[in-house]
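> sharing a model that was predicted from the sequence below.
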Amino acid sequence: MTLTPHLGLQYPPPPSTLRHARHNVDIYLPTSSPTKGLIVFVPGGAWISSSSLDETLDQLPSLFPQDYALAIVNYRLSRQRGEEELAIKHPSHVLDVQAAVEWLVEGGAGGLLDEKTRSNVWIMGHSAGGHIIAQLLLETPSITPLPDSVRSRIKGYMFSEPIADIDSLVEEYPDYLTWFISAAFGPPPYLSASPANEKSPFTLPTIYQTNPPSVLISSSPKDELISSRQPLELKARLEGLGFKDTLRYEGDWLGKNGEEGNHDQLLKSESFGRLVKDWVKEEL
């Protein structure tokens, strides 16, 4: 089976935001089988460099379930130079991804996705993308939440090598402050942008208190950029908010299969594809 690409599809920008060239999604659709659902993938790139066409992502359409549609979301980036880029700071990245998810799930990507596909949605985020989707899973006063009509269709969230507590990240990796954190978030402190911090204002949405989605957090000791501290802090935070039976943590999924892979290259591994397929199948 193969997936047919539909590249660079523009999604409506967030409210009060001008349309940007990066407000687009690449969608891959099954060509020879009924579509069982939709996987939405949010790339990382430290909020400063990311593209749905990055070489590190080129295996995803073949690794992921071939009977699911795949949408890879682009969003505006923060950079350390250039007047326009300097203006893009948190929560702009989150608002862009939220707008894309609403367009995919409620709008059907302009008619490209049918009702069945949009009723079985799985959200994934890698690295900084994990930080972004944590703010779709949870709620915070500074960001208008996803509508319940969208949340009710999301069956699961997967966090791959996620960043989840910015202050904790800077404490562990001080060089990251000048490398990309300041560009994306401004000066410290970062409590209001740290979903994994138990003192942060993030809460569990009402709809998830009675019907929590499946959550998978994956971390690899082969990752040279993000240690297990961030994923484990996210796990502890979600458990504290009430996620128990629907939360799974995979701490050495790559090593178990004898595969190698650094922070980004692990996205090309057969083990990563199997991890995603098994996660989606849990709810079938």
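Arrived safely, thanks for sending. Numbering: from 1, shown residues only.

> in contact with residue 234, which residues?
130, 134, 159, 162, 164, 165, 195, 196, 217 (Cβ atoms under 8 Å, 6 or more residues apart in numbering). Using the backbone N, CA and C atoms, a C-beta is placed for each residue, glycine as well.

> ok, now how distant is it from residue 205?
To residue 205, residue 234 is 17 Å away according to Cβ to Cβ, to the nearest Å.

> likewise for residue 168?
24 Å.

> now, the contacts of residue 234 that are in helices?
Residues of the contacts of residue 234 located in helices (DSSP state H): 130, 134.

> which among the contacts of residue 234 gets closest to residue 13?
Using Cβ to Cβ, residue 134 is the member of those that sits closest to residue 13, with 21.9 Å.

> for the spatially most central residue of the chain, what are its contacts?
When Cα atoms, centre = their mean is applied to the chain, the residue found nearest the centroid is residue 125 (2.1 Å). By Cβ under 8 Å, 6+ apart, residue 125 lies in contact with 41, 42, 44, 131, 132, 133, 134, 157, 158, 159, 160, 162.

> so which of those residues are in strands?
41, 42, 157, 158, 159, 160 (DSSP state E).

> just the buried subset of these, please.
Among these, those that count as buried by neighbour count (16 or more other Cβ atoms under 10 Å) are 41, 42, 157, 158, 159, 160.

> a markdown table for those, including distance to residue 242 and pLDDT?
Formatted as a markdown table, these follow (distance: Cβ to Cβ, whole Å; pLDDT from 0 to 100):
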| residue | distance to residue 242 | pLDDT |
| --- | --- | --- |
| 41 | 26 | 98 |
| 42 | 24 | 98 |
| 157 | 14 | 98 |
| 158 | 19 | 98 |
| 159 | 17 | 98 |
| 160 | 23 | 97 |
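
> residue 2 contacts residue 31, doesn't it?
Yes - if you go by Cβ atoms under 8 Å, residue 2 and residue 31 touch, sitting 5.5 Å apart.

> and the helix ranked longest in the chain, what does it pack onto?
Using DSSP H, we find that the single longest helix of the chain is helix 92-105. With contacts taken as 3 or more Cβ pairs under 8 Å, 6 or more residues apart in numbering; DSSP states H and E, helix 92-105 sits against strand 24-30, strand 37-42, strand 68-73, strand 121-126, helix 128-137, helix 148-151.

> make CSV out of these and add distance to residue 93.
Output for the helices and strands packed on helix 92-105, formatted as CSV (distance: least, Cβ to Cβ, whole Å):
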stretch, distance to residue 93
strand 24-30, 14
strand 37-42, 9
strand 68-73, 10
strand 121-126, 11
helix 128-137, 6
helix 148-151, 18
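
> any idea how far the longest helix of the chain is from the chain center?
Helix 92-105 has its C-alpha centroid displaced from the chain centroid by 11 Å (Cα atoms, centre = their mean, to the nearest Å).

> and the helices in this protein?
Going by DSSP H, the chain shows helices at 60-63, 83-86, 92-105, 108-111, 115-118, 128-137, 148-151, 166-172, 176, 182-185, 206-210, 229-240, 253-256, 270-281.

> just the CA atoms of the fourth one, as CSV, please.
In this case it means helix 108-111. Presented in CSV, the C-alpha positions along helix 108-111 are these (Å, rounded to 0.1, in the frame of the first residue of the first chain):
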residue,chain,number,x,y,z
GLY,A,108,-11.9,18.2,6.8
ALA,A,109,-9.0,19.9,5.1
GLY,A,110,-11.3,21.5,2.5
GLY,A,111,-13.2,18.3,1.9
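
> now that helix: average pLDDT?
Mean per-residue pLDDT for helix 108-111: 96.

> any chance of TSV for the ones in strands among the contacts of residue 125, columns distance to residue 278?
Putting these into TSV (distance: Cβ to Cβ, whole Å) gives the following:
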residue	distance to residue 278
41	17
42	20
157	15
158	11
159	16
160	14
